[in-house]
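**Student:** Here is a sequence with its predicted model. Questions after.
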Amino acid sequence: MQTSLTLIVFALTLLGVFLRPWRLNEAWFTVAGGSAMLVLGLVSSHQATQIVYDGREALLFLLGLLVLSDLMRASGFFEWAAIHAARSSRGRGSILYRNIFILGFLVTALLSLDTTAVMLTPVVLALVGRLKLTARPFLFVCAFVANTGSLLLPVSNLTNLLFVSAFRWSFGAFTAWMVLPQLFSLVANYWLFRRLFASSLPSTFDVEGLPLPMAPEVVPDVRFFRASVCVFALVVFGYFIGPAVRVPPYTFAMAGAFALYLWGLRLGRVSLGLLREVSWPVFPFVIGLFVVVRAMENLGLAALVSQSLARGAQSPLLTVVIGVFGAGLGSNVVNNIPMALLSISSLHAGNDLSRFAALVGCNLGPNLTVAGSLATMLVIASARRQGEDVGAKDFFRVGLVATPLLLSAGCLGLFAASVFLST
């Protein structure tokens with residue numbers, strides 16, 4: 001009975017998240033699923049409280065990043081960056097595509113994939129619409145690079161934050177492991193997309209109608225813009241020095257957001273209402289998932305996954321392949337955040353190589369289906385609001401080609417990193 005009830009609630013929760021009946025926010029379904037698990041006794045209140053407590057640093061980090069991203073949007077930072085990308089392309093479509101790809105990666109790596117999905121995507125689509133270019137290639141760049149570019153830093157993805165919090169990795173150690181997988185997967189993604197969308201990119205386009213990057217319509221207040229860039233740089237620097245001074249990295253994100261918010265209030269560039277624009281539903285969404293996945297763990301699923309991963313423990317290459325492809329394919333079935341939580345619970349007795357392999361799979365894998373990653377769903381939703389629609393079939397056709405290539409590139413990069421770091 002426990003097994004049947006748990007699987008039913010788990011399946012209904014994921015269906016609600018994927019289908020979003022009545023256009024309700026995804027958080028309604030994870031909260032309902034978590035509540036059902038508690039009411040039915042499938043998860044104890046002590047377990048639920050402990051899960052939230054264990055994930056507190058990741059949640060606080062996420063809060064700081066969301067507020068900081070909203071403040072940077074208010075400063076005109078994303079419009080400024082997009083205008084720079086267009087003007088520096090000198091009217092050549094292939095260079096603009098490369099610039100948008102690099103911009104998407106930088107925003108994802110430094111401000112999280114959700115920032116790329118929610119804030120950069122509308123700016124990019126508005127830009128290409130203004131330039132009268134086909135939006136489809138740029139939409140796919142935003143959707144894919146939000147996942148592909150999320151390996152480098154712990155802040156790049158909520159899954160990274162969850163793994164870092166669970167296994168107590170430092171920013172420096174995490175980045176050292178992820179540099180090569182990130183590089184290999186980015187190169188593979190760009191190489192593939194330049195070929196898939198070559199016919200959709202114009203040879204030339206006119207940039208004369210674009211405003212200058214620092215024009216008032218792009219950057220309303222130069223003082224606030226410069227403060228945003230400086231605070232952002234200091235926060236990123238703080239991520240790496242935090243372990244040396246024994247300050248949790250989330251402290252820098254929250255302190256930077258608070259300082260910039262106060263400065264924005266003083267200059268009159270932001271108001272108290274800005275806090276209402278923060279994506280608050282992401283917190284009940286994640287907490288609800290924590291509880292739902294814990295119920296699955298109570299069935300012994302974590303032990304089953306752990307046994308499967310242990311089969312490749314004698315061979316580093318096999319460990320990497322099993323972890324990356326297993327977590328990658330699983331992310332398309334149950335979404336990458338639940339897959340990350342299941343992987344974490346399964347790998348407490350594992351080694352760092354198997355943990356990083358699962359993480360790479362959770363980040364690069366959910367490019368096969370729209371429902372594999374919340375960021376992908378957010379990109380598609382942002383595009384639809386601006387009149388650009390990509391169906392699940394269209395996304396699957398591209399993902400069917402791209403996902404095996406990206407997972408293979410991630411495997412090669414992680415295996416190479418393990419060789420370098422073990423010598």
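**Tutor:** Yep, that arrived. On a predicted model such as this, the values are computed, not experimentally measured, just so you know.

**Student:** Please list the outside residues in contact with stretch 26-43.
**Tutor:** 2, 5-6, 9-10, 12-13, 15-17, 20, 44-45, 48, 281-292, 294-295, 298, 374, 377 (Cβ atoms under 8 Å, 6 or more residues apart in numbering). Quick note: C-beta positions are derived from backbone N, CA and C, even for glycine.

**Student:** just checking, residue 211 touches residue 218?
**Tutor:** Yes. With contact defined as Cβ atoms under 8 Å, residue 211 and residue 218 form a contacting pair (5.6 Å).

**Student:** Could you check which of these two is surrounded by more residues?
**Tutor:** A side-by-side neighbour count of residue 211 and residue 218, using other Cβ atoms under 10 Å, places residue 218 first with 20 against 14.

**Student:** so which helix or strand takes in that one?
**Tutor:** Using DSSP states H and E, residue 218 falls within no helix or strand.

**Student:** Could you measure from the nearest residue to it once chain neighbours are set aside over to residue 365?
**Tutor:** Spatial nearest neighbour of residue 218, excluding adjacent residues (Cβ to Cβ, 6 or more residues apart in numbering): residue 79 at 4.8 Å. Using Cβ to Cβ, to the nearest Å, we find residue 79 at a distance of 32 Å from residue 365.

**Student:** who's more crowded, those two?
**Tutor:** Set residue 79 next to residue 365 and count neighbours by other Cβ under 10 Å: residue 365 wins out with 30 against 20.

**Student:** contacting residues for residue 12?
**Tutor:** Contacts of residue 12 by Cβ under 8 Å, 6+ apart are 29, 33.

**Student:** pLDDT at it, what is it?
**Tutor:** Predicted confidence (pLDDT) for residue 12: 90.

**Student:** Likewise for residue 306?
**Tutor:** So residue 306 comes in at 60 (pLDDT).

**Student:** now residue 210
**Tutor:** 87.

**Student:** In three-state terms, label it for me.
**Tutor:** coil (DSSP: H, G, I helix; E, B strand; the rest coil).

**Student:** that older thread, for residue 211 and residue 218, list the residues in contact with both.
**Tutor:** residue 83.

**Student:** How far off centre is stretch 414-421?
**Tutor:** Taking Cα atoms, centre = their mean, to the nearest Å, the mean C-alpha location of stretch 414-421 is offset from the chain mean by 24 Å.

**Student:** If we go by neighbour counts, what in it is buried?
**Tutor:** For stretch 414-421, the neighbour count (16 or more other Cβ atoms under 10 Å) marks 414-418 as buried.

**Student:** Lowest mean pLDDT among the helices and strands, pick that one out for this structure.
**Tutor:** helix 301-310 (a mean of 61; mean pLDDT, DSSP states H and E).

**Student:** give the contact list for residue 213.
**Tutor:** 80, 83-84, 87, 219.

**Student:** Also residue 281?
**Tutor:** 25-27.
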